[in-house]
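**Student:** missing the sequence, but the structure's below:
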């Protein structure tokens, strides 16, 4: 398993090894010892599996506030997505900045999005399946989001806005500047 630090500290790109032959392949998609050596202490409590049937589905940008903040380890097992993590920790040197990584069934990469980041993705193909691990259970009272198209974030989703498919919830999310602060950066934190 290869783990790379990305341009915003805390976000990690994880690429599991795939061993294949004429029968197919084998891959360890998660190992707690290797992952926690890179990410710090993390305990996953739930796996989520999402199917999006159309290209252009945007899910996000979502996060949960404390005391139920979630870290997410995201992978795409069918199709391809552009996965995005946005630093929403007030006072962070990278506040409002984002990392966007293509995750696909072909490249087998995963993105670690720790608490303190908003997360979202867009499907780049029809019939995408995304599986992700989370570090806390869904808590409706802590469920928040920010606008996927906030101009201050300047995210290139690779899909024209006219082709984006959104939930009613995601059509109403506030811009980052209008959202209540949920996380604060602590010096020495990554």
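**Tutor:** Structure received. It should be emphasised that the depicted structure is a prediction, and the values quoted were computed from it without experimental measurement.
**Student:** So which residues make contact with the single longest helix found in the chain?
**Tutor:** Among the segments of the chain that qualify as a helix by DSSP state H, the longest is helix 32-39. With contacts defined as C-beta atoms under 8 Å, 6 or more residues apart in numbering, helix 32-39 is touched by 1, 3, 12, 14, 42, 71, 73, 112, 114. Bear in mind the C-beta positions are built from the backbone N, C-alpha and C, glycine included.
**Student:** Tell me which residue is most central in the protein.
**Tutor:** The structure's the chain has its C-alpha centroid closest to residue 119; by C-alpha atoms, centre = their mean the separation is 4.2 Å.
**Student:** Is that residue inside a helix or a strand, and which specific one?
**Tutor:** If you go by DSSP states H and E, residue 119 is part of strand 117-123.
**Student:** Can you list the strands that that strand pairs with?
**Tutor:** strand 58-64 (antiparallel), strand 80-87 (antiparallel) (DSSP bridges).
**Student:** what is the mean pLDDT for stretch 51-60?
**Tutor:** In this model, stretch 51-60 has an average pLDDT of 98.
**Student:** actually stretch 29-48, sorry about that
**Tutor:** The model assigns stretch 29-48 a mean pLDDT of 96.
**Student:** Can you check the distance spanned by it, start to finish?
**Tutor:** 15 Å (C-alpha to C-alpha, to the nearest Å).
**Student:** Next, the contact list for residue 49, please.
**Tutor:** Residue 49 neighbours (C-beta under 8 Å, 6+ apart): 129-131.
**Student:** what angle sits between whichever helix or strand it is part of and strand 80-87?
**Tutor:** Assigned by DSSP H and E, residue 49 falls within strand 46-52. Orientation of strand 46-52 against strand 80-87 (axes from the mean of the first three to the mean of the last three C-alpha atoms, to 10 degrees) gives an angle of 130 degrees.
**Student:** tell me the contacts of residue 106?
**Tutor:** The contact partners of residue 106, taken as C-beta under 8 Å, 6+ apart, are residue 80.
**Student:** Am I right that residue 95 is in contact with residue 86?
**Tutor:** No: look at residue 95 against residue 86 with C-beta atoms under 8 Å: they stay out of range, at 9.3 Å.
**Student:** higher neighbour count, those two?
**Tutor:** residue 86 (28 against 16; other C-beta atoms under 10 Å).
**Student:** So what pairs up with that one in the strands?
**Tutor:** Residue 86 has the following beta-bridge partners by DSSP bridges: residue 98, residue 118.
**Student:** same question, the one 4 residues further on
**Tutor:** The partner list for residue 90 in beta bridges (DSSP bridges) reads residue 184.
**Student:** Verify the contact between it and residue 185 for me.
**Tutor:** Yes: counting by C-beta under 8 Å, residue 90 does reach residue 185; the two are 6.5 Å apart.
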